[in-house]
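Enquirer: Structure of the sequence below:
(chains A and B)
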Amino acid sequence: MRERAIVVGSGAGASVTSMVLAHNGWDVVVFEKGPRYIDGWEKPGPIKTVFSNDELKFDRNFDQPDPISEPRTFRAKKGGDVIVGVVNPLASVVGGGTTHWDAKIPRFWDIDFSKRSMLGPFPGADIEDWPFDYAEIAPYYQRIERLMGAQGDQAAIPDSTLKYAPGKRGFVMPPGPQQLSSLTVAKGCHALGLHPYPFPMAINSRHHLGRPACNDCGQCSDYGCPIGARIGALAIMQHAVRTGHVTIHADTMVDKVIHDGKRATGVRYVDRHGKRHKMDAKVVVMSCSAIETSRLALLSNLPNPHDRIGRDMMFHNFMDGFGIFTAERMHAYRGRSITQCCEDFADPDFVGARAFAKLNGIPYFRGGIMEIGGSEDVIGEGQELQFVLDALASAPGVTPFGSTFKTLMRTSLLRDRLAGIDFIGEDLPLATNRVELDPKVKDYRGVPVPRLTYSQGKHEHIASLFYIPLITALLKAAGADAIGAALPESIVNSLTGANIPHGAHVMGGMRMGKDPRTSATDGTGRVHGMENVFVADGSVFPSSGAQNPTNTILSTALRNATKNFGHGADHLGRDHEEAYA
Amino acid sequence: MDEHLKPTRRHVVGAIGALPLIALGPTVLRDVHPESAKSEPAKKATPEKFRFFTTHEGAVIKAACARLIPGPDDDPIEKLYNSPGATEAGVVHYIDTMLAAFEFKVPRIFAGGPWSNRHGGDENYMKHFVPLAPRQEWAWRRRIAGLRKQYRKAVKQLDAAANGDFSKASHSTQDQVLTKLGDVRGLIFTNAIEGMYSVPEYGGNRDTAGWKGVHWPGDSQRRGYTASEVATSDGLDVVVLTPTLEAVLGELGVVSAARRLRRRRSLGVNRTEHLDA
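Expert: Numbers count the residues shown, from 1 in each chain, chains lettered A, B, ... in the order given. Now for the predicted structure:
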């Protein structure tokens, strides 16, 4: 007789944990807050979906919580002004954020997992080692990459990356066509002696397990894939569902883990009609993504003797670089939303970085991976121009609409002529950056919403100052005629009104660690003080890394679930993909 | 912005900055599709039908949209480029359909998928709208109730500022009013941009008029792009930097802020002023 395990959420961490549970004799019930938009992923073959090349639909929160029915709140610091609205949401649909991501799967580096041992402490920040090192996680990375169906080129990964993240990737297919915009910025990187390479990603570059190759439709990042060339964590959830022991409930939100202070006995959930029910279980796994898992832990009054739940939230230090080309168009709307990356700026020993740190009185700093060659889509360009023209309206002779607007759209400096840089810098964990329950605001179900308190620290500020001129220089070397590198947060914030983090890289809040005084979960993601409540998502990260986090979320979940629930799924992702086709 | 933070720029043609906007060069002309000019005969004497707007409200919003996103009949520069505007794209009907979204059997909020029949699809699945989940319906009923009030009020404000019927005022009066009433402009412009450039299933962008001339082919499934289209340049396409373009490039801090708001999903439907409604 199988016992029941409940998994809350259906994204990256949930898919892996469900797979391991189902292959170790558990009956798994998955609760997903959002709707189900893809069918047919449960076995190899084509999918059916209502995702499409429709920018407006995604602007209208088709796959994300709507800020009217499910807002979050934000303040920059304790006692600061509270903003209610959109606070870095992830897609909440069956498949989670991996349904609308652009599927970039770089690995974290050894200095991320052994941060305190290898880089040392940082004043004011909660720098700790992870419960495992790079050597331990590497085989899990490889299995995840195979399970996801990764495209990439092992031979093209530069030594500057392999030095920190060695070993063979689980690529099962070569990189797809490289975008002109990415190749153009890559030229600038090469000119500066940097090492760009084809971005590893979980998108089919050829027919694979019954699903088609990507046809480079271009409406990729922030869109669901219409053809199933990119199904994200559902490629892993497939292995859970095929056991016949996994049930997924969509449009259903768990708002409480029921427990006696040591053991959970089940959950309470709200169905699509707003009615509350209970379900018993022997194991509860929270995989709701970092902000929502912290929220659920707080809603459930899980043991929290040292006030660690929700602390050390991290979001990455995002900066935008603008490469604007007046002599040719970059047409970044064709292709899979950025096809090259460059990791040199993630190196704490990047030339000049140590000296700049010393000059500014800090022990070290890191930038992060750069996604190179990205741009905007057309409604985004229009609404950005609307904002810019409003700001210019006071200038003499500028009409902030009309032919001025249309001329800008035709010229498309900010979209078709743009090859941008998305700089994803490390964000150090600070105890003051935290999720709590908002004392006043509730979602449409009547459940208190998460309140985020967050400000960047000195590390991020110094890293931005150091890397902004380098971003400018490399865009100039790429041939951009008009260049604006990213501006420091302080300037951008003064124009947008608040420093609400964005970018959908959400980590921390339930960090792993040996010591309950400095962490919320143990070395395998089990909540301290609870026998059978586990966390499997980005909330367990003790540090943010300087790369896109999803590969590490998946691999950490695989490592932890294997330790907690057994080795029954160990055959999956080990062999070549045909073995389990 | 501090002077030292201003972006560096290479002026493509040094002295060209003095030329008016019209000197944008032949490349823009090149990709205006000739068929877009044929939208003229669509104009009929019969009054347009709306689902939410009264005839007068529809006329006022249509006139405002024509100033915000002008077409050949609205502006000499647009005539030169023969570039369709909000009127040709039926943008007012996008807005009207949005405000009447719940009068349809399946609310007109989320068009279907996985593709249209514009680029090799067997059928136009986008026509079949997706039923709303309860969390979505809760939000959208409130959002639209708020927007309806805002539009009713906006029409009154436009008429008042034009000393009569805004839709019958001169272009220069209309421009002055829209320049002055920043909040009203913000409301209509945001939705007009959506109606101009979204897939046509939402009621605007008729005959994909909005996508003509802006190097945006729209939805591309089933076709997608070939490896060569992805990787290679379409060739030299030089833009002359006019004072307005210079001004935008000179304010990349503002551009960066706009982009940040976009990334935070705080432009468009998620703007806080809509949430307060």
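
Enquirer: Work out for me the element residue 257 sits within.
Expert: Answering for chain A, as no chain was given. When elements are defined using DSSP states H and E, residue A:257 is found to belong to strand A:253-259.

Enquirer: you looked at the wrong chain, it should be chain B
Expert: Of the helices and strands defined by DSSP H and E, residue B:257 is found in helix B:252-263.

Enquirer: what do you get for residue A:56?
Expert: Using DSSP H and E, residue A:56 falls in helix A:55-59.

Enquirer: Show me what that helix is in contact with.
Expert: Among residues not part of helix A:55-59, those counted as contacts by C-beta atoms under 8 Å, 6 or more residues apart in numbering or on different chains are A:64, A:100, A:219, A:222-223, A:377-380, B:110-111, B:194, B:197-199, B:202, B:265, B:268-270. All C-beta spots, glycine's among them, are computed from the backbone N, C-alpha and C.

Enquirer: Kindly recompute the last result at 6 Å.
Expert: A:222, A:223, A:377, A:379, B:110, B:111, B:194, B:198, B:268 (C-beta atoms under 6 Å, 6 or more residues apart in numbering or on different chains).

Enquirer: Contacts only, for the fifth one.
Expert: Applying C-beta under 6 Å, 6+ apart to residue B:110 gives the contacts A:57, A:62, B:130.

Enquirer: again, only this time at 8 Å
Expert: Contacts for residue B:110 (C-beta under 8 Å, 6+ apart) come out as A:50, A:57, A:60, A:62, B:129, B:130, B:132, B:136.

Enquirer: Could you report the pLDDT at the third one?
Expert: According to the prediction, residue A:60 has pLDDT 96.

Enquirer: Over to the fifth one?
Expert: According to the prediction, residue B:129 has pLDDT 98.

Enquirer: again, but for the first one
Expert: Note for residue A:50: predicted pLDDT of 98.

Enquirer: what residues are up against the nearest residue to it once chain neighbours are set aside?
Expert: Computed as C-beta to C-beta, 6 or more residues apart in numbering or on different chains, the closest residue to residue A:50 that is not its neighbour in sequence is residue B:113, at 4.1 Å. Shown in contact with residue B:113 (C-beta under 8 Å, 6+ apart): A:49, A:50, A:51, A:52, A:54, A:224, A:226, B:125, B:126, B:130.

Enquirer: all strands of the stretch 351-500 of chain A, in order?
Expert: Here the stretch 351-500 of chain A has its strands, by DSSP state E, counting those that start in this stretch, at A:368-374, A:420-425, A:434-442, A:448-453, A:482-484.

Enquirer: now for the second one, which elements pack on it?
Expert: To tie it back to what came earlier, the one meant is strand A:420-425. Secondary structure elements in contact with strand A:420-425, counted by 3 or more C-beta pairs under 8 Å, 6 or more residues apart in numbering or on different chains; DSSP states H and E, are strand A:317-324, strand A:368-374, helix A:458-477.

Enquirer: That strand to strand A:368-374, inter-axis angle?
Expert: Inter-element angle recorded for strand A:420-425 and strand A:368-374: 170 degrees (by axes from the mean of the first three to the mean of the last three C-alpha atoms, to 10 degrees).

Enquirer: Report the angle between strand A:420-425 and helix B:252-263.
Expert: Following the same axes, to 10 degrees, one obtains 70 degrees for the angle between strand A:420-425 and helix B:252-263.

Enquirer: orientation of strand A:420-425 relative to strand A:317-324 in degrees?
Expert: Using the same axes, to 10 degrees, the direction of strand A:420-425 lies 160 degrees away from that of strand A:317-324.

Enquirer: and the angle from strand A:420-425 to helix A:458-477?
Expert: Direction vectors for strand A:420-425 and helix A:458-477, defined by the same axes, to 10 degrees, enclose an angle of 150 degrees.

Enquirer: any idea how far strand A:420-425 is from the chain center?
Expert: Averaging C-alpha positions (C-alpha atoms, centre = their mean, to the nearest Å) puts strand A:420-425 14 Å from its chain's average.

Enquirer: Output that strand in CSV, but only the C-alpha positions, please.
Expert: The C-alpha coordinates for strand A:420-425 follow below in CSV (Å, rounded to 0.1, in the frame of the first residue of the first chain):
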residue,chain,number,x,y,z
GLY,A,420,21.1,44.4,-25.4
ILE,A,421,22.9,42.9,-22.5
ASP,A,422,21.2,41.4,-19.5
PHE,A,423,23.7,41.4,-16.8
ILE,A,424,22.8,38.9,-14.0
GLY,A,425,25.0,39.8,-11.0
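
Enquirer: shaky segments in the stretch 451-581 of chain A?
Expert: A:484-486, A:488-490, A:576-581 (pLDDT under 70).

Enquirer: start to end distance for stretch B:122-131?
Expert: With C-alpha to C-alpha, to the nearest Å as the measure, stretch B:122-131 spans 22 Å from end to end.

Enquirer: Does that stretch reach chain A?
Expert: Yes: counting by C-beta under 8 Å from any C-beta of the partner chain, chain A is contacted by stretch B:122-131 at B:125, B:126, B:130.

Enquirer: Can you tell me which residue is spatially central in the chain?
Expert: In the absence of a named chain, this looks at chain A. In chain A, the residue lying closest to the centroid (C-alpha atoms, centre = their mean) is residue A:505, at 3.5 Å.

Enquirer: try chain B instead
Expert: residue B:193 (2.0 Å).

Enquirer: Secondary structure class of that one, three-state.
Expert: Assigned by DSSP: H, G, I helix; E, B strand; the rest coil, the conformation of residue B:193 is helix.

Enquirer: Spatially nearest residue to it, not counting backbone neighbours?
Expert: Of all residues beyond its chain neighbours, the one nearest residue B:193 is residue A:382 (3.8 Å), with distances taken as C-beta to C-beta, 6+ apart.

Enquirer: Isn't that neighbour up against residue B:195?
Expert: No: between residue A:382 and residue B:195 there is no contact, the gap being 10.4 Å when judged by C-beta atoms under 8 Å.

Enquirer: quick revisit: so the residue nearest to the centre of chain A belongs to a strand, correct?
Expert: No: with three-state DSSP as the criterion, residue A:505 is assigned coil and is not in a strand.

Enquirer: Identify the residues contacting the closest residue to it other than its chain neighbours.
Expert: Beyond its immediate neighbours in the sequence, the residue positioned closest to residue A:505 (C-beta to C-beta, 6+ apart) is residue A:316, lying 4.4 Å away. For residue A:316, the set of contacting residues under the criterion of C-beta under 8 Å, 6+ apart consists of A:368, A:424, A:425, A:426, A:427, A:501, A:503, A:505, A:544, A:546.

Enquirer: Quick one: the helices in the stretch 51-200 of chain A, in order.
Expert: A:55-59, A:110-113, A:115-119, A:134-148, A:159-162, A:180-191 (DSSP state H, counting those that start in this stretch).

Enquirer: and the fifth one, average pLDDT?
Expert: Meaning helix A:159-162. Within the predicted structure, the mean pLDDT of helix A:159-162 is 98.

Enquirer: Could you list the low-confidence segments of the chain?
Expert: All of this is about chain A. Where chain A drops to pLDDT under 70, the residues are A:484-486, A:488-490, A:576-581.

Enquirer: sorry, should have said chain B
Expert: Per-residue confidence for chain B (pLDDT under 70) gives these ranges: B:1-46, B:272-277.

Enquirer: that older thread, list the buried ones in the helix holding residue B:257?
Expert: Across helix B:252-263, burial judged by 16 or more other C-beta atoms under 10 Å in any protein chain shown covers B:252, B:253, B:254, B:255, B:256, B:257, B:258, B:259, B:260, B:261, B:262, B:263.
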